[in-house]
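Engineer: Here is a sequence together with a model predicted from it:
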Amino acid sequence: MRTQQPPARPPSDPSLPAHPTLADHRRLGRELRLFDTDPLVGAGLPLWLPDGAVIRAEIERLAAEEAIRGGCQRVYTPVLAKRELYERSGHWAKFADDMFPPMKVGEEEFLLRPANCPHHALVYASEQRSFRDLPVRLAELGAMFRSELSGVLGGLSRVRQINLDDAHVFCAPEQVQGEIALALESVLRCYRLLGIDITRFRLSRRGGGDGFLGGDGRWAEAERQLGAALADLGLGYEEAEGEAAFYGPKIDVQVTDPAGREETLSTVQLDFNQPERFGLRYVGSDGGRHQPVMIHRGVLSAMERLVAHLIELYDGAFPPWLSPVQVLVLPVADQNAEPARHVAGHLRAAGLRADCDPADATLGARIRRARGRRIPYVAVIGDREAGGDSRVALRLRDGRQLDGVPVARLISEVSRQVTDRSAGLGFDA
Ligand SMILES: [Zn+2]
């Protein structure tokens, strides 16, 4: 499958303005120091700065957990391959204009990959498969490339390197519905955690057109199973006749950004083409050789697109588990710097992301700075708190202030929010 390049819930803190000016992930990304670009690297090739990398790493961790929960095996495959691979897969014939030109090495030509499906087809083909082995589910969060022109690139939403959460399921035709249901359940679970509202599910069907690969019976059965998986989960969907790819029907998960633009985040797509092109087979219960169906399962989509969406959705005020800095410890004055560093060290030892800012400005100014950075918890340490019984004055991003909070409670409450990937800040009475 190829991801196309594009275009809710309000922020979790009620005290934050609900998009007073429309959140633009490019502006926020710059302000919050999440990513940057440099002309020496090139447009559409963002540098993920440390704070942005934290968010991406948390998403990648979620993707890896979901892949395991969904019965996937993880693989790693190269980001480039010989031109012959993409000739075999059909990508070269169809998408050469969107691919970077070949690199010649001796007599061979290599291409940066436009998708990892061909690689996964070869992983499937690397051993003899029986019906007992199916479904084979291969997951990889890997890079793929688009030779976009500089003029159309910006921020994270149009990029030349896409890091895609992708899995490929190879299954028997009668297993399609169950696999679609697994993928949709994973989408629902992840979106709930991320606070993303689904605008609609769209089932793209073949319709009456021609140029589609595979017989009527196969399409009708596949479309029936896709619809049944949606219906069984109680998910309403709209049908898009004639919108299917030539190689199979698909389900798109549509979301809407704060500016009201609808975009596709997750997709689950059937593919009758790659198994045919790569001659994939499994030995059936009848002893005969059969062709598996391939399902492209992109749950969390491209890291670039998802993080751009989340930046705008939360207006930069991420839930604690995604926040680059979870707790900022502020000494009231210079003489509190040592105990403040000590508390930050405790928090880090407990696995939290904690920083300690020096007393280089008034406390009020530093608290405002922390608010500008959308840090969920600010722990203030003055003479009173430094008295030896390890307490902090806590200021939460939603405006609440709690005095005399024991550090042990700070650690346990924040850790729970983070471990649960909770949307809220905790510390409820
Ligand atoms: Zn794919």
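Structural biologist: Right, received. Where do you want to start?
Engineer: Hmm, residue 401 and residue 393 touching each other?
Structural biologist: Yes. The pair formed by residue 393 and residue 401 meets the contact definition of Cβ atoms under 8 Å, at 7.2 Å. In this view, the C-beta of every residue, glycine as well, is placed from N, C-alpha and C.
Engineer: More neighbours: these two, which one.
Structural biologist: residue 393 (18 against 10; other Cβ atoms under 10 Å).
Engineer: residues contacting the more buried one?
Structural biologist: Shown in contact with residue 393 (Cβ atoms under 8 Å, 6 or more residues apart in numbering): 379-382, 384-385, 401-405.
Engineer: Can you name the residues bridging to it?
Structural biologist: Residue 393 forms beta bridges with residue 380, as assigned by DSSP bridges.
Engineer: And it, how far from the ion?
Structural biologist: Relative to the ion, residue 393 is positioned 51 Å away (Cβ to the ion, to the nearest Å).
Engineer: rewinding a little: tell me the one of the contacts of residue 393 nearest the ion?
Structural biologist: residue 379 (45.3 Å; Cβ to the ion).
Engineer: So for residue 393 and residue 401, which residues contact both of them?
Structural biologist: With Cβ under 8 Å, 6+ apart, residue 393 and residue 401 have no common neighbours.
Engineer: Tell me how many other residues surround the closest residue in space to residue 382 that isn't next to it in sequence.
Structural biologist: Distances taken as Cβ to Cβ, 6 or more residues apart in numbering place residue 332 nearest to residue 382, at 3.5 Å, with adjacent residues excluded. As a burial measure, residue 332 scores 20 neighbours (other Cβ under 10 Å).
Engineer: Start from the N-terminal end of the protein and give the helices.
Structural biologist: Counting by DSSP state H, the chain has these helices, from start to end: 25-31, 50-69, 83-89, 91-95, 117-125, 176-194, 216-232, 273-277, 303-314, 337-349, 363-372, 407-419.
Engineer: and the ion, which of these is closest to it?
Structural biologist: helix 117-125 (3.5 Å).
Engineer: And the ion, is that closest one touching that?
Structural biologist: Yes. Residues of helix 117-125 are located near the ion by Cβ under 5 Å from the ion, namely residue 117.
Engineer: Flag every buried residue along that helix.
Structural biologist: By neighbour count with 16 or more other Cβ atoms under 10 Å, helix 117-125 contains the buried residues 117-124.
Engineer: Other residues contacting stretch 98-109?
Structural biologist: With Cβ under 8 Å, 6+ apart, stretch 98-109 has contacts from 80, 82-83, 86, 91-92, 110-112, 114, 145-148.
Engineer: Need the per-residue pLDDT for the residue of the stretch 251-400 of the chain found nearest the ion.
Structural biologist: Closest approach between the stretch 251-400 of the chain and the ion, counting by Cβ to the ion: residue 296, at 3.5 Å. pLDDT recorded at residue 296 is 95.
Engineer: Isn't it up against residue 267?
Structural biologist: Yes. Using Cβ under 8 Å, residue 296 is in contact with residue 267, at 7.0 Å.
Engineer: Show me which of the two is the more surrounded one.
Structural biologist: Higher neighbour count among residue 296 and residue 267: residue 296, with 27 against 22, using other Cβ under 10 Å.
Engineer: contacting residues for that one?
Structural biologist: By Cβ under 8 Å, 6+ apart, the contact set of residue 296 is 1, 117, 166-168, 267-269, 271.
Engineer: In those, which has the lowest confidence score?
Structural biologist: residue 1 (50).
Engineer: Just want the most central residue of the protein.
Structural biologist: Central residue of the chain (Cα atoms, centre = their mean): residue 300, 3.8 Å from the mean position.
Engineer: and the gap between the residue nearest to residue 372 when sequence neighbours are not counted and residue 306?
Structural biologist: Leaving aside its sequence neighbours, residue 372 sits nearest to residue 31 (Cβ to Cβ, 6+ apart; 7.9 Å). Counting by Cβ to Cβ, to the nearest Å, the separation of residue 31 from residue 306 is 20 Å.
Engineer: Counting neighbours, go ahead and name the busier of those two.
Structural biologist: residue 306 (25 against 12).
Engineer: Relative to residue 273, how far out is the more buried one?
Structural biologist: Going from residue 306 to residue 273 by Cβ to Cβ gives 27 Å.
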